[in-house]
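Novice: here is my input; please provide its structure:
(chains A and B)
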There are 2 protein chains.
Amino acid sequence: MNDYINWIEEKLLQINLVKSMDQAEGFSRLGYTKEEKASQEQFRLISQSLGLKTYEDAAGNQWALWEVDKQAGWIATGSHVDTVYNGGGYDGSAGVVASLAAVKMLKDESFQPRKNIAIIAFACEESARFNVSTIGSKAISGLLDKEKVASYEDVNGVTLEKAFTKRGLDWQRIQDAQLEDDQLEQFIELHIEQASKLEKSGKEIGIVRSIAQPTRLHITCTGKTNHTGTTPMNERQDALVAIAPLITFIEEATIEINQEQAVALVATVSTIQNTPNSMSMIPGEVVVGIDIRSTKADLKHRLVEKVNRFVQQIEMNKPVSFTIKTLVDDEPTDLDPGIQETLTNICEKFGLSSMSLDSGAGHDVMNMSKRWPCGLIFIPCRDGISHHPLEHANMEDLLKGTKVIAEYLKKTSC
Amino acid sequence: MNDYINWIEEKLLQINLVKSMDQAEGFSRLGYTKEEKASQEQFRLISQSLGLKTYEDAAGNQWALWEVDKQAGWIATGSHVDTVYNGGGYDGSAGVVASLAAVKMLKDESFQPRKNIAIIAFACEESARFNVSTIGSKAISGLLDKEKVASYEDVNGVTLEKAFTKRGLDWQRIQDAQLEDDQLEQFIELHIEQASKLEKSGKEIGIVRSIAQPTRLHITCTGKTNHTGTTPMNERQDALVAIAPLITFIEEATIEINQEQAVALVATVSTIQNTPNSMSMIPGEVVVGIDIRSTKADLKHRLVEKVNRFVQQIEMNKPVSFTIKTLVDDEPTDLDPGIQETLTNICEKFGLSSMSLDSGAGHDVMNMSKRWPCGLIFIPCRDGISHHPLEHANMEDLLKGTKVIAEYLKKTSC
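Specialist: Residues are numbered from 1 along each chain as shown, chains lettered A, B, ... in the order given. Predicted coordinates:
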């Protein structure tokens, strides 16, 4: 098996376009950039070396096909190769490499599938660039609201449509990536856990039951800017002072809800935009972005209600006003119970310890599961760190996940 | 006097390059930009129309000279024409126009000074662009630390040195703008109050005793970024959650110090920089900028001590660390008592009600006063609003200030 570890490591480096995974600044390979495209090109080269036929669909997703029978159905596996800013090289890439390695295993043992097998490297999974995630898998699943997201901008003011065009794709055709129901039978994804439940419980494989979906708010606090040196403390309408207790409140209220509930809720004030943000000027307007996740929608809504009431209290006590905008309010996604059982059985067969768990993060599989039976396999990642240069997964763990995928493909394609 | 009101209003519009002072977005005329240069050009045109000789010094300050005797000393008056982002058109420009109008009054009545009179439109007074204020007057007064500030950057990463060069000036020569002691006898500036003491007490003219100087801190809170969806609440090192109570504390501690003291202290968390500031990522590092001002240095230092202790408390309770950097810690500037008395007497002579007060904001005069006897005249501005599109001063009030300047120039130049 050492050969496979070496192969996996080599291909992981190749997809990440580096000679070592230890990169101080991590990886910044945003969706629909030339950096993402360069990794996709490596994905195609590796796929072709395995004898797979490759193509790019109308959303920029990369497909590698092992077609054995034009009349037979398709089983797919895969993940994405894009990253956040200064992210890790395992989030996404690990699943793509494991899928490739699984196909290599089947080919190496001359396994002859009766159904067709596909590997997908989805485009633009991360929301880091355009504040909208999983564009490629949304397009495949028919969940993309093309008109709505076309004008979403990155930090440089480049719209998604423009970036898509610059990437050499045709925005008007993006929905051509959508598949018919019978073009796919099922899909499984492998991903690093991005949390530390596996590591802490000493389990080797996580089998995901449900994927928490974000509820995201933009809360704007409007006061009035003025000169910091000349405005007495009692005449200020300082938006930052007014909104600061909300940051503390969101943490406290979330912890409180968790104490009453077995199912976890997490909430984060992850972005803050202060205007004018100038040393000699009192903050006149502050916008905070809040990301709330749970596999139980009512917990998310309980927190949003509490936030609403808290903000009303601030308005009564401070000379500021608030507006709350809901950006996203998605229902949690449950994965296919039959596939979970199959994956559990495979782990048992190989003597791999496994556990059922939920995913706090969104993944491409959540879109695919709206249309087709789907499964999601987690492997441990060091200290639960992700979206960070210190993100790390062991090659041994990646190999274990690879074996689970290979066995799964065998079972379902024969 | 209606003619003067019309002239003042017309020249104020001309300096501001607009047809109406009512601008929804205010004025954005930052230091060493082409916008500032365009206003300076109008200053020169108006000066020339009054028969004054104009020139630009090595720091980009604009001078208008009424030279009557090469052997005699110089009396100067003036202010600046640059603004903050989306600021008002009175802050600075009012003082420049009043100085021009005062000279026009003297010329109209054929007054013949025995000393020379100069009007200065200082360059880059506001700290909005480079986080360093009053560059032009610092250069004249010999207070500019050329090596230190050369690399200061604006929001686009343009250094002060580069912007200065692009403006057509020679950074290596900026200190040539420095004057010898005997090249100037005294300097007075007129400025809008940027506060509402005059308005509230119904006084027409403010005569400034002392200028509060800022103490400015950058406080960095370092936690660890991670995925918002996968990191349990009790495993987070959220830098924004950790630093939020400091924002509330600074306001509360400042109000508390004010309750014990007759002299006012103001403090503002005016800037906040969150990293990575991405919807799905926990804040890993937050830097806040704090602006503290008082005409009593010990009050500022009491607050800084309290902030230090508070930050240490946070460090004990949260898995984050703090660093505190002092950017500026300037002593308050007292203005010349003799000039204050002269200005008070002038107001009495004209039947203008006046009051002594302190300035919370810094002005070019604070640098000039380190070298020469100086005075600062305030006129009211509506609701104390400044650094904001709603900034406004009445033309009648500006005319009253103009008369005080004119009389002062008469008294001191004869």
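Novice: show the contacting residues for A:Gly362.
Specialist: A:133-134, A:211-214, B:229 (Cβ atoms under 8 Å, 6 or more residues apart in numbering or on different chains). Heads up, the C-betas are built off the backbone N, CA and C, glycines and all.
Novice: just give the closest residue to whichever residue of the stretch 1-150 of chain A sits closest to chain B, not the sequence neighbours.
Specialist: Of all residues in the stretch 1-150 of chain A, A:Ala128 sits closest to chain B, at 5.4 Å by Cβ to the nearest Cβ. Nearest residue to A:Ala128, sequence neighbours excluded (Cβ to Cβ, 6 or more residues apart in numbering or on different chains): A:Val84, at 3.9 Å.
Novice: could I get the pLDDT score of the one you found?
Specialist: With respect to pLDDT, A:Val84 has a value of 93.
Novice: make sure it is actually in contact with A:Glu126.
Specialist: Yes - applying Cβ atoms under 8 Å, one finds A:Val84 in contact with A:Glu126, separated by 5.0 Å.
Novice: need the overlap of contacts for the two.
Specialist: In contact with both A:Val84 and A:Glu126: A:30, B:280, using Cβ under 8 Å, 6+ apart.
Novice: got the contact list for the residue of the stretch 1-150 of chain A closest to chain B?
Specialist: A:30-31, A:83-85, A:87, B:278, B:280.
Novice: in helices, which of those appear?
Specialist: Of those, none are assigned to helices by DSSP state H.
Novice: among these, which one lies nearest to B:Ile140?
Specialist: B:Ile140 has its nearest neighbour among the contacts of A:Ala128 in A:Tyr85, at 44.0 Å by Cβ to Cβ.
Novice: isn't the closest one up against A:Thr33?
Specialist: No - using Cβ under 8 Å, A:Tyr85 is not in contact with A:Thr33, being 11.1 Å away.
Novice: can you show me the strands along the stretch 51-200 of chain A?
Specialist: With DSSP state E, counting those that start in this stretch, the ranges of strands along the stretch 51-200 of chain A come out as A:53-56, A:62-66, A:74-80, A:116-122, A:186-192.
Novice: got a list of contacts for the first one?
Specialist: Spelled out, it's strand A:53-56. A:40, A:43-44, A:47-48, A:62-65, A:67.
Novice: so which residues of the stretch 251-400 of chain A form strands?
Specialist: According to DSSP E, counting those that start in this stretch, the strands that the stretch 251-400 of chain A contains are A:265-275, A:285-294, A:321-329, A:333-334, A:354-359, A:374-379.
Novice: winner for burial among these?
Specialist: Mean neighbour counts were taken over these using mean count of other Cβ atoms under 10 Å in any protein chain shown, and the top value, a mean of 28, falls to strand A:374-379.
Novice: tell me if it is near chain B.
Specialist: No - using Cβ under 8 Å from any Cβ of the partner chain, strand A:374-379 never reaches chain B; the gap is at least 9.9 Å.
Novice: partner strands of that strand, with direction?
Specialist: Strand pairing for strand A:374-379, using DSSP bridges, gives strand A:186-192 (parallel), strand A:205-211 (antiparallel).
Novice: care to break chain A down by domain?
Specialist: A:2-212+A:332-413, A:213-329 (automatic domain parsing).
Novice: coming back round to it: can I get the contacts of A:Ala128 in TSV with neighbour count and distance to A:Ala177?
Specialist: Formatted as TSV, the contacts of A:Ala128 follow (neighbours: other Cβ atoms under 10 Å in any protein chain shown; distance: Cβ to Cβ, whole Å):
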residue	neighbour count	distance to A:Ala177
A:Leu30	22	19
A:Gly31	31	14
A:Thr83	28	21
A:Val84	28	23
A:Tyr85	20	26
A:Gly87	27	24
B:Ser278	26	26
B:Ser280	27	24
